[in-house]
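Got a predicted structure here, sequence first:
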Number of protein chains: 2
Amino acid sequence: MSISVQLHNDLEDAANRMRISAIEMTCASKSGHPTSSTSAAEIISTLFFHEMKYDVANPKHASADRFVLSKGHACPILYAAWEEAGLLSKEQVMSLRKVTSDIEGHPTPRLNFVDVATGSLGQGLSCAAGMAYVGKYIDKASYRVYCLMGDGETAEGSVWEAAAFSSYYKLDNLVAIVDVNRLGQSQETALGHHVEIYQARFAAFGFEAIIVNGHDINELIKAFETARNTKEKPTVIIAKTLKGQGIDGIVDQENWHGKPVNAIKARLHGSQKGTLVPQKPVNDAPDANLHCGSIKIASPSYKIGEKVATRAAYGTALAKLGDVNPRIIGLDGDTKNSTFSEKLLKKHPQQFIECFIAEQNLVGVAVGAQCRDRTIPFTSTFAAFFSRATDQLRMAAVSFANLKCAGSHVGVSIGEDGPSQMALEDLAIFRAIPGSTVFYPTDAVAAERATELAANTKGIVFIRTSRPALPVIYGNEDHFAIGKAKIVKQSASDKIVLLGAGVTLYECLKAAEQLEKEGIHCCVIDPFTIKPLDQVTIIDHAKRVGGKILTVEEHYPAGGIGEAVSSAVADHAEIRVRSLCVLEVPRSGTPDELVDLYGISARKIVDAVKKY
Amino acid sequence: MSISVQLHNDLEDAANRMRISAIEMTCASKSGHPTSSTSAAEIISTLFFHEMKYDVANPKHASADRFVLSKGHACPILYAAWEEAGLLSKEQVMSLRKVTSDIEGHPTPRLNFVDVATGSLGQGLSCAAGMAYVGKYIDKASYRVYCLMGDGETAEGSVWEAAAFSSYYKLDNLVAIVDVNRLGQSQETALGHHVEIYQARFAAFGFEAIIVNGHDINELIKAFETARNTKEKPTVIIAKTLKGQGIDGIVDQENWHGKPVNAIKARLHGSQKGTLVPQKPVNDAPDANLHCGSIKIASPSYKIGEKVATRAAYGTALAKLGDVNPRIIGLDGDTKNSTFSEKLLKKHPQQFIECFIAEQNLVGVAVGAQCRDRTIPFTSTFAAFFSRATDQLRMAAVSFANLKCAGSHVGVSIGEDGPSQMALEDLAIFRAIPGSTVFYPTDAVAAERATELAANTKGIVFIRTSRPALPVIYGNEDHFAIGKAKIVKQSASDKIVLLGAGVTLYECLKAAEQLEKEGIHCCVIDPFTIKPLDQVTIIDHAKRVGGKILTVEEHYPAGGIGEAVSSAVADHAEIRVRSLCVLEVPRSGTPDELVDLYGISARKIVDAVKKY
């Protein structure tokens, strides 16, 4: 398709106006990334005013094309695009980086045209792939997803996880664009202007890979057209550009990353004001009908004493969630037969996404899938391997994402596989996420209820499950609530509170029984959620028993249950806390041997209570 | 090179003996991964008994070739190799996965022939690349590095970070082998037996990429020979294999991952006992002469009140460390002009490795570089981006690695760049690492001393540095020690302890001055190390002032200073702790605005003290 000279000039003018605006904003804010912005001006102009279909007044429109600015530091050009489109005023964009403004230093979903926060590089393509997966296979709609990346960020492995995922699932509604402006923050990138290497890499990862001059509107338009006509595979447009393009004396020069500039060389063909009107979306995306807050599943059906692993109960509950809502989806990283997410796959294969061994992309795809409330994604892998996605989880919080994570195989009770497979820092990681909810169900009933509550709780939720099959202790109709602990054992003569969860709750109970025989009565508390912690119940019972709490956990000290409880009672002078937890790198052995060796067995609890 | 029929048969016999041993071990332990082991038997046989040069009696020999089993779950075949070589007895290998044995479920450096722990997939190639970099550029020795990966784990992005690094640095002493046995844990891998796609991907990432039948000794030998003759680029051998090869009824079948098997079909040509003798190393690696514990640098030279950012002081100290020892190296992820690691690069370019924007590989390469005490690696990036490498850091602990990490730009005081760039969970992550040391220097003098102490402290060390330039408060000759806090302000009439670090220490001081004017005296403590925390000093002063502590930090609550202090004093009933910290996802703004907005400014401290 060839376009008219007029349209070509209009798109060039739009690019230059956006360039000027990006430079003006960053001059006003005295910080920001104008040079990273101007290299992408023609890409953005072509996308926003020729290629993409969207609704300026309603950027979250269910059928609108999506745009992810993975190179988030170039957000001045994104803000300029929405200014050019008419959504943002000059005054708004000029408030860049001010504390009173949502026009932040890197984009966040505080702005209605931003789906996912970016700024930690290499994460955008996973999110875009998640959106494209939902568009193609769940919404079955025609909207397309565009992701603009920097060249430097393709050094991030997460980009290649996302690339492999996108071609495996034949996401022909996904277009990646790489702004190859040659220069990183501190020096030239590893590949410089060798666009043919980028092309070879993406082609090998299953993309239609097109090289263009990123400042040539005609080449860009043609490449987007090729992408639209490419079936069964994603497309990448490798755009050779110059950093600082349009800025006198700075173009293609080092040492201008993240610095405001003054001189502007941006020729306008015509009007000082844009006249281009974006294409409207095609209304073919269905309603999502997600009613987070009122999702109910069939009650658990266990017998007290029956041995069931909480990971298995998670799988059962996830499959039930799949029964009641077709937009509750499961994602796993080739551990579905260990996390039991395969129960959802077997019942509702269309609601399950195998993400293979790529946990960063697993979380990134899920973050993309939950955008605009299209789905509620439940991700699962060994809890230890969620650590691989810590940065994606951190950014999911900045994205205010509605994301569920179920991590299995926590602690030393996994046994023989050894320390590489044991999660002993996952509570620290997930508790540190602002606004997160952290479930630690002890038995199968609690695990099913936690999973159901997770579906009804907006935000980032972690469900910590255990490997061993242990007895059911709660009734199928017992009530569970976030921030509400269970008092598993108590008497009027209690002298101490024992607090454990999962495997250690059973050890606490065993210890309490033994101590009872020796005349020492213990109150045993199961917190159910570690965040929020049931501060009131813990403090009340601690005071009732005379002030002593002993926490017992399969976790390292930092950020675990002991610290959570210590800080929760820290302002109460009459309460003391001691903690039993794992203090060194464990080794292989049987679960029972390790629970004892690392000091969290009933035997060690009895000792600690006697010495308290 | 063609080999004799005898040698061919001997190598095949060795492969089959190792196969049988791997099966026997996993039968004895009733768990483990025999099928993942037997697919690699010929690869291991060829490597250990034809290709590699090493000293069976001294696996850590400075000039010996290195072997990294990235697919750590296949360790039975690794143990079988060292049994075949004569290092391990039958009794030892049959103790697999027992709590009394170092023959663990996944390999750890508790064994002298293991350099780095594996078992979290996709990490081995980074470590191998770090070893190869040191071999080629620092040791300038002829030893070679071999890394055996699974096919499933190449879905991990970290593999591609390592691949890009290896070709960028022309690591022709590095050979990756991919055991393409087609089957993952829960289903077929994304690429199945499409070895040509693996070849294309590695070729695009700059490797000489050779496809072989992984069960054909002759093809393997030839491929290793090609690798040895390939200059200026790394080689990958794509070995097409069958999972469970040699095991009747199980070969190439699904649902046999991680399960012991019984039936064995392994033909032995000749002897039941191995006669192959590995090649000896060529003694050309120099002594490393690292004397961790006695490294001294020139004293800091600042004036009290001079404004210097701790990140800048880190760079200064790192460069000084480079002066005194050529094996102290710096590694950065394209942030060297922000972390100031560029000061080392400018002074000692041969001691600096630019790792580009790939933090997982940054840490992985450093872990590889520290093996066998060849170097002391100091890695640096924004503290927020170390979160990208959380799993690598977790595994570095299992590797008992001597690794230094300096994370800059912590907290809201970075200002306008916004939340994506702010580290607010890094203390939780680094404190949770077993055996770690966490420095949080407040001023430039403390930062230089922390860096010097880090070089002298074995294990994983984190140095948390800040963006703003703030006044020097310590004398150049002041003594700093791990676990020893500084009392920055005190009087006999103190009524509360204020504890802060970095930016918040200054806020504590400002608050204390203001409160003093109102007659409220505060003791101000700078902990210097957050782990270990100076429990004695904190408790003593808390008791002295009547029991009240207020902590103030640029961090989320979980795993931060507040929780560290709360748990440190938790057993002391008369001490109370309250904490000021960041409670929500921050936004862009000026540093001062944000420090106040998120409740950790002098003004907010004054309020909190008055309400306590």
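All right, it came through fine. The shown structure was predicted, so the numbers you read here are calculated from the model rather than taken from an experiment.

contacts and neighbour counts: CA atoms only from here.
Fine.

Which parts of the stretch 301-450 of chain A are strands?
Taking DSSP state E, counting those that start in this stretch as the test, the strands found in the stretch 301-450 of chain A are A:307-308, A:328-332, A:352-354, A:376-382, A:404-408, A:437-439.

Looks to me like A:Ile44 is in a helix.
Yes. Counting by DSSP: H, G, I helix; E, B strand; the rest coil, A:Ile44 is found in a helix.

What is the neighbour count of whichever residue of chain A sits closest to chain B?
The nearest approach of chain A to chain B comes at A:Gly157, 3.5 Å away (CA to the nearest CA). Per other CA atoms under 10 Å in any protein chain shown, the neighbour tally for A:Gly157 reads 30.

where's it relative to A:Met52, distance?
For A:Gly157, the distance to A:Met52 (CA to CA, to the nearest Å) stands at 28 Å.

and what of A:Arg144?
Here A:Arg144 is placed at a distance of 8 Å from A:Met52 (CA to CA).

Can you find which helix in chain A contains the most residues?
Longest helix in chain A, counting residues (DSSP state H): helix A:5-29.

which element follows that helix toward the C-terminus?
With elements assigned by DSSP states H and E, the helix or strand that comes after helix A:5-29 is helix A:34-38.

Counting by contacts, list what that following helix packs against.
helix A:5-29, helix A:75-85 (3 or more CA pairs under 8 Å, 6 or more residues apart in numbering or on different chains; DSSP states H and E).

which stretch among those helices comes nearest B:Val114?
helix A:75-85 (46.1 Å; CA to CA).

Spell out, range by range, the strands that occur in the stretch 501-612 of chain A.
Using DSSP E, counting those that start in this stretch, strands in the stretch 501-612 of chain A cover A:521-526, A:529-531, A:548-552, A:576-580.

Point out the residues in the stretch 451-600 of chain A that sit beside chain B.
For the stretch 451-600 of chain A, the residues in contact with chain B (CA under 8 Å from any CA of the partner chain) are A:556-560, A:562-564, A:566-567, A:570-578, A:583-585, A:587-590, A:593-594.

If we use 6 Å, what do you get?
A:558-559, A:563, A:566-567, A:570-571, A:573-577, A:584, A:588-589 (CA under 6 Å from any CA of the partner chain).

List the ones among those residues that fall in helices.
Applying DSSP H to these, the entries found in helices are A:563, A:566-567.

pretty sure A:Ala309 is touching A:Pro471, no?
No. Counting by CA atoms under 6 Å, A:Ala309 does not reach A:Pro471; the two are 8.4 Å apart.

Low-confidence bits of chain A, can you list those?
A:1, A:263-271 (pLDDT under 70).

go again using 80 as the cut-off
Low-confidence segments of chain A, defined by pLDDT under 80: A:1-2, A:262-274, A:291-292.

still on that earlier bit, okay, the angle between the longest helix of chain A and helix A:75-85?
Per axes from the mean of the first three to the mean of the last three CA atoms, to 10 degrees, the angle that helix A:5-29 makes with helix A:75-85 is 130 degrees.

starting at the chain centroid, how far to helix A:5-29?
Centre-to-centre, helix A:5-29 and its host chain are 33 Å apart (CA atoms, centre = their mean, to the nearest Å).

Which elements pack onto that helix?
helix A:41-46, helix A:75-85 (3 or more CA pairs under 6 Å, 6 or more residues apart in numbering or on different chains; DSSP states H and E).

List of residues touching that helix?
For helix A:5-29, contacts defined as CA atoms under 6 Å, 6 or more residues apart in numbering or on different chains pick out A:32, A:34, A:38, A:41-42, A:45, A:76-77, A:80, A:94, A:260, A:266, A:268.

Show me which of those are buried.
Buried by 16 or more other CA atoms under 10 Å in any protein chain shown: A:32, A:34, A:38, A:41-42, A:45, A:76-77, A:80, A:94, A:260, A:266, out of the contacts of helix A:5-29.

So A:Trp82 versus A:Asp139, what's the distance?
A:Trp82 is 26 Å from A:Asp139, where distance means CA to CA.

Comparing the two, which residue is more hemmed in?
Set side by side, A:Trp82 and A:Asp139 show more neighbours around A:Asp139, with 22 against 18, by other CA under 10 Å.

what sits against that one?
Taking CA under 6 Å, 6+ apart, we find A:Asp139 in contact with A:Ala285.

Give me the distance between it and A:Ala444.
Computed as CA to CA, the A:Asp139 to A:Ala444 distance reads 33 Å.

so how many other residues sit close to the nearest residue to A:Leu583 once chain neighbours are set aside?
Excluding the flanking residues, the one nearest A:Leu583 by CA to CA, 6 or more residues apart in numbering or on different chains is A:Tyr556, at 5.9 Å. Neighbour count of A:Tyr556, defined by other CA under 10 Å: 26.

Also A:Ser491?
Counted with other CA under 10 Å, residues neighbouring A:Ser491 total 11.

before we move on, the earlier item: ok, the closest residue in space to the residue of chain A closest to chain B that isn't next to it in sequence - contacts?
Distance criterion CA to CA, 6+ apart; nearest residue to A:Gly157, sequence neighbours excluded, is B:Gly157 at 3.5 Å. By CA under 6 Å, 6+ apart, the contact set of B:Gly157 is A:157-158, A:160-161.

Spatially, which two of those residues are the most separated?
Using CA to CA, the pair of the contacts of B:Gly157 lying farthest apart is A:Gly157 and A:Glu161, separated by 6.4 Å.

contacting residues for A:Ser39?
The neighbourhood of A:Ser39, defined by CA under 6 Å, 6+ apart, consists of A:241-245.

circling back: using CSV, please lay out the strands of the stretch 301-450 of chain A together with distance to A:Ala223 and mean neighbour count.
Shown next, in CSV, are these (distance: least, CA to CA, whole Å; neighbours: other CA atoms under 10 Å in any protein chain shown):
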stretch, distance to A:Ala223, mean neighbour count
strand A:307-308, 55, 18
strand A:328-332, 32, 27
strand A:352-354, 30, 22
strand A:376-382, 33, 27
strand A:404-408, 37, 27
strand A:437-439, 44, 27
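
Would you format the ones you listed as CSV with distance to A:Met131 included?
Shown next, in CSV, are the strands of the stretch 301-450 of chain A (distance: least, CA to CA, whole Å):
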stretch, distance to A:Met131
strand A:307-308, 36
strand A:328-332, 13
strand A:352-354, 13
strand A:376-382, 12
strand A:404-408, 17
strand A:437-439, 24
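
Please tabulate those in CSV and include distance to chain B as additional columns.
Below are the strands of the stretch 301-450 of chain A laid out as CSV (distance: least, CA to the nearest CA, whole Å):
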stretch, distance to chain B
strand A:307-308, 20
strand A:328-332, 10
strand A:352-354, 9
strand A:376-382, 10
strand A:404-408, 14
strand A:437-439, 12
